[in-house]
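[1] Quick one, fold the following:
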Amino acid sequence: MDDVKDRVSLDDRLNAAATTGMTLAVWADLKPDATFIHDPDGKATTFGEVNANANRIVRLLRRHGLKAGDAVALVCSNRAEFVDVLAATQRGGWRITPVNWHLTADEIAYIVGDCEAKAVFCERRVAASAAAVAQCPDVKVKVAIGGPIEGFADYAAALAPLDGSDIEDPVLGNAMMYTSGTTGRPKGVYRTQPVIPVQGLYAMRGYDHATSVQLCAGPAYHAAPLAFDVRGAMGAGCQLVFMDKWDSELALRLIVEKRVTHLHLVPIMFQRLLALPDEVKAKYDISHVIYIVHGAAPCPPEVKLAMIEWFGPVLNEYYAGSEGGAGFVISAEEWLKKPGSVGKRPALLGSRILDEQGNECPPGVPGAIYHQLPPGGGFTYYKDEAKTLANRVGDYFTMGDVGYFDEDDYLFLTGRNAETIISGGVNIYPQEIDNELIKHDAVADSSTVGVPHDEWGEQVKAVIMLKNGYAPSDELAQEILAFARANLPSFKVPRSIDFVADLPRSEAGKIQRNKVRAPYWEGRARQI
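    So this is what the prediction gives:
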């Protein structure tokens with residue numbers, strides 16, 4: 001009985017601390033010398049060290065005039081300093097924007113400027129850091145992580161003289177992730193009210209702060225690894241193991257060596273794990289894993305079934321986006337009864353399937369999926385009212401996905417707006433690619449689409465109309481691809497080019513990307 005009382009008392013303390021962003025301070029008080037983070041290079045950092053650094057960062061930024069509500073940008077790979085800065089913003093009242101560090105200097109500069117960052121923490125390995133931040137005159141504080149960057153203060157040197165004890169006046173901070181639109185630049189998903197996870201959520205996922213270990217195998221700047229892996233470990237008070245990049249056997253080795261119990265994966269990671277030779281898989285006892293959560297991209301049923309057969313019924317799927325969603329989840333046991341579904345219609349927030357006229361679709365009939373906004377409106381696209389309104393129908397919003405409910409109210413995804421490509425769990429927005437390709441002298445117009453790929457789900461293909469005087473050839477295709485590589489991050493570069501004499505257009509003259517995409521998916525049961 002005393003154990004139960006102690007657990008309830010600790011949960012109450014943690015839930016109260018969460019309202020001011022101080023959950024990590026509670027864990028640091030309970031076990032300051034316990035290892036919290038394992039970096040990819042083998043460095044271990046304790047709860048006490050991360051908590052003290054968070055307090056030092058708060059004091060550093062306050063000295064430079066940052067006030068609650070100001071923005072902080074973080075351009076950093078998977079390492080302890082990422083968590084230091086995140087924890088500081090949670091208790092300092094700031095709005096943090098983690099930035100994809102694979103982007104170009106101009107793309108990073110756009111996000112840093114658009115989110116109105118007053119402080120930026122950049123890792124030295126990100127070669128574009130200095131050039132990007134140089135374009136952002138409103139940044140007051142520039143701090144370099146992991147080595148010197150010209151014009152930046154050194155992380156360790158800047159924090160060393162500052163007091164690491166808990167600040168006395170914490171203010172709950174927020175996060176604003178960036179998601180690209182179908183046209184133009186990425187937009188921040190802004191919520192006026194921060195999300196506050198309660199301890200009951202961690203209990204439902206089977207966490208035990210004394211024994212649980214979380215693996216972060218994807219980039220922490222993505223919404224899902226940030227929420228499930230990084231913030232999961234911070235909230236549950238368990239160890240966090242960072243990977244720098246995906247390596248299938250390394251992932252298995254870390255699961256065994258670190259006794260990993262919880263992890264978030266995307267379907268391509270499943271596929272690559274399953275593709276390992278049987279003798280390699282047999283070397284690793286993964287029976288201690290109790291919770292794998294997955295989403296971000298559709299998972300082929302045969303792949304998920306193979307993972308359940310290997311790891312056991314520990315897979316839990318979610319369906320949502322950076323904007324949120326109604327909260328679809330499905331356990332392995334439930335999925336085996338409804339293979340291919342992403343979950344039952346949630347009771348808390350509703351979802352609707354609408355046809356092109358805005359009418360509700362009956363069971364079994366696909367249509368656009370709309371999710372109910374929570375009370376207060378949920379989110380807006382930062383500084384873009386037009387984009388915010390464009391995806392709304394009343395108090396519902398859409399992420400561009402298509403699907404249907406079956407007779408038991410289970411949701412099945414069947415397609416997606418062609419303006420989004422999901423390759424290996426990463427969202428790629430084709431208009432950004434087209435905007436670069438049409439700068440090439442030979443290109444009259446471009447329509448980039450996602451085409452089927454057995455491992456990645458989709459692969460980026462550019463369908464191009466040439467200007468008069470240019471003829472299709474392998475040499476020209478390679479020249480255009482080289483041009484793309486020079487102007488786009490590697491994950492956005494098309495893997496192939498098809499030349500066409502014309503592109504289908506609407507009466508208004510807009511390229512109909514769905515029609516460009518359709519022939520590549522013809523005859524396939526799955527359109528995503």
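[2] okay, CA-based contacts and neighbour counts for the rest of this
    Will do.
[3] Alpha carbons of the host helix or strand of residue 497, as PDB, please.
    Here residue 497 sits within strand 496-500, counting by DSSP states H and E. C-alpha atoms of strand 496-500 as PDB (Å, rounded to 0.1, in the frame of the first residue of the first chain):
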ATOM      1  CA  SER A 496      14.500  10.200 -61.600                       C
ATOM      2  CA  ILE A 497      13.000  12.400 -64.300                       C
ATOM      3  CA  ASP A 498      10.400  11.700 -67.000                       C
ATOM      4  CA  PHE A 499      10.000  14.100 -69.900                       C
ATOM      5  CA  VAL A 500       6.500  14.800 -71.300                       C
END
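[4] May I see the buried residues of that strand?
    Judged by neighbour count using 16 or more other CA atoms under 10 Å, the buried positions of strand 496-500 are 497, 499.
[5] domain ranges for this protein?
    24-196, 211-321, 338-416, 422-521 (automatic domain parsing).
[6] And those: which comes nearest residue 14?
    domain 24-196 (6.8 Å; CA to CA).
[7] Quick check: nearest residue in space to residue 407, chain neighbours excluded?
    Closest residue in space to residue 407, ignoring its immediate chain neighbours: residue 363 at 5.6 Å, by CA to CA, 6 or more residues apart in numbering.
[8] Can you give me the pLDDT of the nearest residue to residue 306 once chain neighbours are set aside?
    Leaving aside its sequence neighbours, residue 306 sits nearest to residue 274 (CA to CA, 6+ apart; 7.7 Å). Confidence at residue 274, expressed as pLDDT, is 92.
[9] and what of residue 419?
    Looking at residue 419, the pLDDT reads 68.
[10] So, low pLDDT: which residues of the stretch 201-350 of the chain?
    The stretch 201-350 of the chain contains residues with pLDDT under 70 at 296-298, 326.
[11] Going along the chain, name the helices of it.
    Using DSSP state H, counting those that start in this stretch, the helices of the stretch 201-350 of the chain run over 223-224, 231-236, 248-257, 267-274, 278-281, 301-311, 332-337.
[12] okay if I get the domains of the chain as a markdown table plus distance to residue 331?
    Compiled in a markdown table, those are given as follows (distance: least, CA to CA, whole Å):
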| stretch | distance to residue 331 |
| --- | --- |
| domain 24-196 | 23 |
| domain 211-321 | 5 |
| domain 338-416 | 8 |
| domain 422-521 | 20 |
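[13] so which of those comes closest to residue 17?
    Nearest of the domains of the chain (CA to CA): domain 24-196, 7.4 Å.
[14] mean confidence score for the closest one?
    For domain 24-196, mean pLDDT rounds to 95.
[15] how long is it from one end to the other?
    End-to-end distance for domain 24-196, by CA to CA, to the nearest Å: 13 Å.
[16] Please state the offset of it from the chain centre?
    Chain-centre distance of domain 24-196: 16 Å, with CA atoms, centre = their mean, to the nearest Å.
[17] Show me where the stretch 1-150 of the chain has its strands.
    Here the stretch 1-150 of the chain has its strands, by DSSP state E, counting those that start in this stretch, at 35-38, 44-46, 71-75, 95-98, 117-123, 141-145.
[18] of all those, which lies closest to residue 172?
    Of all these, it is strand 95-98 that lies closest to residue 172, at 9.5 Å by CA to CA.
[19] quick one: strands adjacent to the closest one?
    Here strand 95-98 is paired, per DSSP bridges, with strand 71-75 (parallel), strand 174-175 (parallel).
[20] Residue 247 is nearest to which of those strands?
    strand 71-75 (22.5 Å).
[21] So what touches the closest one?
    Contact with strand 71-75 is made by 82, 85, 89, 94-101, 112, 115-123, 126, 129, as judged by CA atoms under 8 Å, 6 or more residues apart in numbering.
[22] how far off strand 141-145 does it point, in degrees?
    Here the directions of strand 71-75 and strand 141-145 differ by 20 degrees (axes from the mean of the first three to the mean of the last three CA atoms, to 10 degrees).
[23] Residue most distant from the centroid, the chain?
    Going by CA atoms, centre = their mean, the residue of the chain most distant from its centre is residue 469, 43.2 Å out.
[24] Would you list the phi and psi of that residue?
    Main-chain torsions, residue 469, degrees, to the nearest 10: phi 100, psi -10.
[25] got the residue ranges for the strands in the stretch 151-300 of the chain?
    For the stretch 151-300 of the chain, the strands defined by DSSP E, counting those that start in this stretch occupy 153-154, 174-175, 177-180, 186-190, 213-216, 239-242, 262-265, 291-294.
[26] Next, format these as a markdown table and append distance to residue 319 and mean neighbour count.
    A markdown table is the format used below for the strands of the stretch 151-300 of the chain (distance: least, CA to CA, whole Å; neighbours: other CA atoms under 10 Å):
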| stretch | distance to residue 319 | mean neighbour count |
| --- | --- | --- |
| strand 153-154 | 40 | 18 |
| strand 174-175 | 20 | 26 |
| strand 177-180 | 16 | 21 |
| strand 186-190 | 17 | 22 |
| strand 213-216 | 19 | 28 |
| strand 239-242 | 24 | 28 |
| strand 262-265 | 13 | 24 |
| strand 291-294 | 9 | 22 |
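[27] nearest to residue 524, of those strands?
    Each of these has some distance to residue 524 by CA to CA; the shortest is strand 291-294, at 23.6 Å.
[28] Distance to residue 247 and mean neighbour count added to the strands of the stretch 1-150 of the chain, as TSV?
    TSV is the format used below for the strands of the stretch 1-150 of the chain (distance: least, CA to CA, whole Å; neighbours: other CA under 10 Å):
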stretch	distance to residue 247	mean neighbour count
strand 35-38	17	22
strand 44-46	20	18
strand 71-75	22	26
strand 95-98	23	27
strand 117-123	22	25
strand 141-145	24	21
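[29] okay if I get those as CSV plus distance to residue 505?
    Shown next, in CSV, are the strands of the stretch 1-150 of the chain (distance: least, CA to CA, whole Å):
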stretch, distance to residue 505
strand 35-38, 52
strand 44-46, 56
strand 71-75, 39
strand 95-98, 37
strand 117-123, 40
strand 141-145, 46
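[30] can you tell me which of the ones you listed comes nearest to residue 168?
    strand 95-98 (19.6 Å).
[31] now what about that closest one, what contacts it?
    Here strand 95-98 makes contact (CA under 8 Å, 6+ apart) with 69-76, 86, 89, 115, 173-178, 221-222.
[32] re earlier: can you tell which of the domains of the chain is closest to residue 204?
    Across the domains of the chain, the minimum distance to residue 204, taken as CA to CA, is reached by domain 211-321, at 10.2 Å.
[33] and that closest one, how far apart are its ends?
    Note: domain 211-321 ends 30 Å apart using CA to CA.
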